[in-house]
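**Student:** My questions are about this predicted structure, shown below with the sequence.
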Amino acid sequence: MNDHEITALLERAGSGLRPEVAELVAGGAARGRTKLRRRRAGTAFAAVAVVGVVGAGLVATQLHQRPGDSTVTDPAGAPSGTVTPKPTAAGERDAPPAPDAALALGPDGIRDQLAAMLPGEVGPILREPPYSVVSGRYDRVLHFRYQGTLATFVIAPARSMASCQEQSGPDGSCTVVDGMETLVWGPTTADRVTAQGVAVWRHGYIVSVLSYNAAEGKDVAPLTAEPPLSLAMLTDIAMSDAWYS
Amino acid sequence: MTTDQEYEEFAVARTPQLYRSAWLLCGDRHGAEDLVQETLAKVFVKWKRIDNPAAYAQTTLVRTFLSQRRRKSNHELPYADLPDQVGSDPAAASDLRIVLQDVLAGLAPLDRAVLVLRYSDDLSVEDVARRLGLSPGAVKNRSMRALERARERTPR
């Protein structure tokens, strides 16, 4: 068998295959949205609430390996010779600066600040598994319910995270607003729940705020048609000066 | 047209080709469908930063396949003869596909990837080498081995 014969054989064998294109495309996009949401959830701890405990290991990997790094295994481990990342205004190949300001509030202070900023009812911080509260030197993660729906607030060092461009995807956009890189995404539905969020890059941190339309981040019935925290509200929170001292 | 629509248009147009490659790599319909969806998901995530979506999708498909096989490698080995199929796979209905499944099943995953990229996607030796992180010589050797195997098992 020569080159031409094997090519012809492969062609003939494949020509009669009739995939369910619409189903495959819908399934692929749904998986992609879930992957993006995990990435945007900010930290492994935040993502636990979103994707469940099983997904935490995967998210932790994404966290510590920026997609632009050579050590990243996506897609599937080998170096790419055919894909050239588009240059970005933010210069995604340059590592973001280290945090240049201290964080002003602990988790309880952040929750109180949010209660003061928002018109609706802000519930207590969720502390029972699968939720966790993080309060490190450069990190804050807390989950709470807003009008009965889940909301997540994350501050994390920008260096440990995917860049604004890398997190944008088809359903989000990365722009510079008042000198701050700002990612606005959603509403997008994955795992039955619709979510939207805003992340702002500032002082070497990323402040991410997510709002869901259900009491949990996945696999539960929605409580509202859209997440109750609007993109404008989320943007105000993410851009606030209140988080830095 | 929104970015979402652009993605969908690309995915709809490209899925038949991706599915053909996936079927040749996996040898069964369910594996191929899962591989295509995982590939489309990865393309979705990186959509705005991909210069050449078709090439990116094809490379991602093959690498995802190899990665999945690597994870399963402790439990699965290439086999000389195709076992009896449980149930009927409509995609394997034709005799030709059964013959081809037999040929492909006897190849190591990397050899299968070389065969598909080289002879189904019609890439040059250099392109295949680049996409799989191999030397051109290794691609030639693997191609030759795959062709020999195909020659042995294909009825004249």
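**Tutor:** Thanks, I have it.
**Student:** A:I155 looks like it's in a strand, true?
**Tutor:** Yes: assessed by DSSP: H, G, I helix; E, B strand; the rest coil, A:I155 belongs to a strand.
**Student:** For it, give me its contacts.
**Tutor:** A:103, A:138-141, A:205-208, A:243 (Cβ atoms under 8 Å, 6 or more residues apart in numbering or on different chains). In short, each C-beta sits where N, CA and C put it, glycine included.
**Student:** Let's see that with 6 Å instead.
**Tutor:** Residues near A:I155 by Cβ atoms under 6 Å, 6 or more residues apart in numbering or on different chains: A:140, A:205, A:207.
**Student:** Filter those down to the buried ones, PyMOL style.
**Tutor:** Buried residues among the contacts of A:I155 (16 or more other Cβ atoms under 10 Å in any protein chain shown), as a PyMOL selection:
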select buried, chain A and resi 140+205+207
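**Student:** Include pLDDT when you put the contacts of A:I155 into CSV, please.
**Tutor:** Converted to CSV, the contacts of A:I155 look like this (pLDDT from 0 to 100):
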residue, pLDDT
A:R140, 92
A:Y205, 93
A:V207, 94
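**Student:** tell me which of the contacts of A:I155 is nearest to A:T182?
**Tutor:** Taking Cβ to Cβ as the measure, A:T182 lies nearest A:V207 of the contacts of A:I155, at 10.1 Å.
**Student:** Tell me the spacing between that closest one and A:W243.
**Tutor:** Applying Cβ to Cβ, to the nearest Å, the value for A:V207 to A:W243 is 6 Å.
**Student:** Can you redo the contacts of A:I155 as CSV, where the extra columns are distance to A:P19 and secondary structure?
**Tutor:** Below are the contacts of A:I155 laid out as CSV (distance: Cβ to Cβ, whole Å; DSSP: H, G, I helix; E, B strand; the rest coil):
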residue, distance to A:P19, secondary structure
A:R140, 46, strand
A:Y205, 44, strand
A:V207, 42, strand
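**Student:** Quick check: residues of chain B near chain A?
**Tutor:** For chain B, the residues in contact with chain A (Cβ under 6 Å from any Cβ of the partner chain) are B:3-4, B:7, B:11-12, B:15, B:19-20, B:23, B:36-37, B:40-42, B:44-45, B:47-49, B:51, B:55-56, B:59-60, B:63-64, B:67, B:91, B:96-97, B:100, B:119-120, B:130, B:133, B:147, B:150-151.
**Student:** now the strands for chain A?
**Tutor:** A:122-125, A:134-135, A:140-146, A:149-157, A:172-177, A:180-190, A:193-202, A:205-212 (DSSP state E).
**Student:** Skipping adjacent residues, who's closest to the most centrally placed residue in chain B in space?
**Tutor:** Closest to where the C-alpha atoms of chain B average out (Cα atoms, centre = their mean) is B:L25, at 3.5 Å. Using Cβ to Cβ, 6 or more residues apart in numbering or on different chains and skipping the chain neighbours, the partner closest in space to B:L25 is B:F65 (4.7 Å).
**Student:** Need the phi and psi values for that neighbour.
**Tutor:** Per-residue torsions, B:F65: phi -60, psi -50 (degrees, to the nearest 10).
**Student:** For it, grab the count of nearby residues.
**Tutor:** The local packing of B:F65 (other Cβ atoms under 10 Å in any protein chain shown) involves 26 other residues.
**Student:** Kindly compare burial across the strands of chain A and name the winner.
**Tutor:** strand A:205-212 (a mean of 27; mean count of other Cβ atoms under 10 Å in any protein chain shown).
**Student:** Run through who's touching that one.
**Tutor:** Contacts for strand A:205-212 (Cβ under 6 Å, 6+ apart): A:42, A:99, A:149-156, A:158, A:161, A:193, A:195, A:197-200, A:227, A:229, A:234, A:237-238.
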